[in-house]
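Visitor: Pasting a predicted model and its sequence here:
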Amino acid sequence: MKQLILRHRQVILFIIAGGLSAIVEIGSFKMLSVYLPKIFSWEYNLSGIKYPFSNILSTSCGIITNYFLSIWFVFERGKHSKRKEFAYFISVSVVSTFISLFLFQILYHFVFKDAVDLGFYVLSQEMMSKITSIVIVSLLNYSIKKKVIFNG
């Protein structure tokens, strides 16, 4: 068991860092999706797009959290300078954000039609869409960050 953990240490640390980043992203999305529509009525539905700024802001919080956790605990520094590494990381994250936003809209409009009552918590259509899009994009992110940014 110990050998298995050591062999997959980086993947395990990536999952933990991703999980913590997801908690930041989901928590900030929950907060923003509740309060931003009270300030900006168009936030609930901007030309058919649900919660655009809540999504962008919460994803940005998750990206920044993930960057610092990735450089501190997951990946070793690659051949790039810190500035270039950060620029690559942000570039990949921006593309990932657009993919995540697109997936969120697809999931929100076509997949998750009703809330799911877990007994102790109700997963709303928004939260199920957000969580699912995070998981899908995270799989893509690991591969790109490992191969391109941190050259592992």
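Guide: Now that the structure is in, tell me what you want to look at.

Visitor: contacts, neighbours, all on C-alpha from now
Guide: Will do.

Visitor: Could you give the number of residues near Ser133?
Guide: Number of residues near Ser133 (other Cα atoms under 10 Å) recorded here: 21.

Visitor: Outside of the helix or strand it falls within itself, list whatever touches it.
Guide: For Ser133, the host element (DSSP states H and E) is helix 125-144. Helix 125-144 is contacted from outside by 14, 18, 22, 26, 30, 92-93, 96, 99-101, 103-105, 107-108, 112-115, using Cα atoms under 8 Å, 6 or more residues apart in numbering.

Visitor: starting at the chain centroid, how far to stretch 121-133?
Guide: Chain-centre distance of stretch 121-133: 13 Å, with Cα atoms, centre = their mean, to the nearest Å.

Visitor: Give me the buried positions along that stretch.
Guide: Ser124, Gln125, Glu126, Met127, Met128, Ser129, Lys130, Ser133 (16 or more other Cα atoms under 10 Å).

Visitor: Quick one: mean pLDDT for it?
Guide: On average, the pLDDT along stretch 121-133 is 90.

Visitor: Neighbours of Phe86, how many?
Guide: 15.

Visitor: That one falls within a helix, correct?
Guide: Yes: under DSSP: H, G, I helix; E, B strand; the rest coil, Phe86 falls within a helix.

Visitor: Model confidence score at the nearest residue to Lys145 once chain neighbours are set aside, please.
Guide: Among residues not flanking Lys145 along the chain, Phe89 sits closest, at 7.2 Å (Cα to Cα, 6 or more residues apart in numbering). pLDDT recorded at Phe89 is 85.

Visitor: Would you map the helices across the chain?
Guide: Ranges of helices in the chain, per DSSP state H, are 2-7, 9-39, 52-69, 82-106, 125-144.

Visitor: most packed of the ones you listed?
Guide: Ranked by mean neighbour count, these are led by helix 52-69 with a mean of 20 (mean count of other Cα atoms under 10 Å).

Visitor: who does that one touch, helix- and strand-wise?
Guide: helix 9-39, helix 82-106 (3 or more Cα pairs under 8 Å, 6 or more residues apart in numbering; DSSP states H and E).

Visitor: any chance of the ones you listed in TSV, plus distance to Gly48?
Guide: Below are those laid out as TSV (distance: least, Cα to Cα, whole Å):
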stretch	distance to Gly48
helix 9-39	14
helix 82-106	9
